[in-house]
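Engineer: quick one, what's the 3D model for this:
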Amino acid sequence: MITIMGATGATGGALLRRLTELDVPCRAISRTPDTLRAATGASTSVEVVCADAADPRTLRDALKGSTQLFLAMANSPRQAELETNAIDAAAACGVQHVVKLSAPAAEPASPVAISRGHWRVEERLAATGMTATLLRPYAFMHKLLLNAPAAAQGVLIGAMRDAPCNYIDVRDIADVAAETLLLPGLAGAEYTLTGPQAYSHSELARLLGELTGRPVRHINLSPDEFHSHLLATAHMPPWLAGHVVEIQQLAIARPESPNDTIETVLGRPARTLHDFLREHLHAFTATT
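Structural biologist: So this is what the prediction gives:
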């Protein structure tokens, strides 16, 4: 039995839809099972169970009978703690294989706090003896939708200067996850995942302008200015604003370039940022 933890999130939800398309029986864990049941519709291949990562007892109950676990939890100050709870529960229940959504800079001295947490979770996972598959995607394309209101007004604000940034569609991440869960030969490896092309903010602004037919101007702020902007304008909590700034500064410190992992694993090209933006063009043209 494949169990998905994080099925209400972007990547976990995409994986759940992919496994449903393939008619693969799976279990989805959620703190709000009724909401998830409504989202999955009448699918008979999905078993929805209630559990809370902060309550190890409910996790053990939810994971009984599982052989594989896909683990993707939302970024938060407690992410490492909650993911560790899930890993410990999986080990206690006899799960054999864990596919963890991680990050490219998951290192003990990473400049990104969330990535240091990913490293701690990976260390715990390795110590259990379960087979571990680690997915290391770069920036999610769908996160660009947070920039849509400003882009619709003609601006793209960041603190990344002209550093290239890899963007990847969460559906590609989910498709890779499905392959590693369904094909034993792909399990137990690390996969760094990117889209087919890296874009600077200036290039992204130019692309948005071409697609919308309206000029979009890139405004580069200092890290402190950008942090203040995220607090005041995007109303982010301080830890999340700090995370966004850290990610953008990492792109400057470690210039990003695309790879061919998606095509190698899936046998098809990765989805392009151009196609993603066209698919969601209404969000970037809506005005209030």
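Engineer: residue contacts, the nearest residue to Pro258 once chain neighbours are set aside?
Structural biologist: Closest residue to Pro258 apart from its sequence neighbours, by C-beta to C-beta, 6 or more residues apart in numbering: Thr194 at 4.4 Å. Yep, even glycine has a C-beta here, placed from its N, CA and C like the rest. By C-beta atoms under 8 Å, 6 or more residues apart in numbering, the residues touching Thr194 are 137-138, 166-168, 256-259, 261-262, 270.
Engineer: highest neighbour count among the residues you listed?
Structural biologist: Within the contacts of Thr194, Tyr167 tops the neighbour count with 27 neighbours, counted by other C-beta atoms under 10 Å.
Engineer: pretty sure that residue contacts Leu144?
Structural biologist: Yes. Using C-beta atoms under 8 Å, Tyr167 is in contact with Leu144, at 7.1 Å.
Engineer: now do the shared contacts for these two.
Structural biologist: Residues touching both Tyr167 and Leu144 (C-beta under 8 Å, 6+ apart): Phe276.
Engineer: count of neighbours near Phe111?
Structural biologist: Not Phe; residue 111 is Pro. Pro111 is flanked by 14 other residues according to other C-beta under 10 Å.
Engineer: thought Glu246 was touching it, still the case?
Structural biologist: Yes. Pro111 lies in contact with Glu246 (C-beta under 8 Å); the separation is 6.1 Å.
Engineer: rewinding a little: so the residue nearest to Pro258 versus Ala80, what's the distance?
Structural biologist: Separation of Thr194 from Ala80 (C-beta to C-beta, to the nearest Å): 24 Å.
Engineer: then Phe276?
Structural biologist: 30 Å.
Engineer: one more: Ala187?
Structural biologist: Ala187 is 23 Å from Ala80, where distance means C-beta to C-beta.
Engineer: same thing with Leu156?
Structural biologist: Applying C-beta to C-beta, the value for Leu156 to Ala80 is 31 Å.
Engineer: in the lengthiest strand in the chain, which residues are buried?
Structural biologist: Taking DSSP state E as the criterion, the chain has its longest strand at strand 131-137. Residues of strand 131-137 classed as buried: 131-137 (neighbour count, 16 or more other C-beta atoms under 10 Å).
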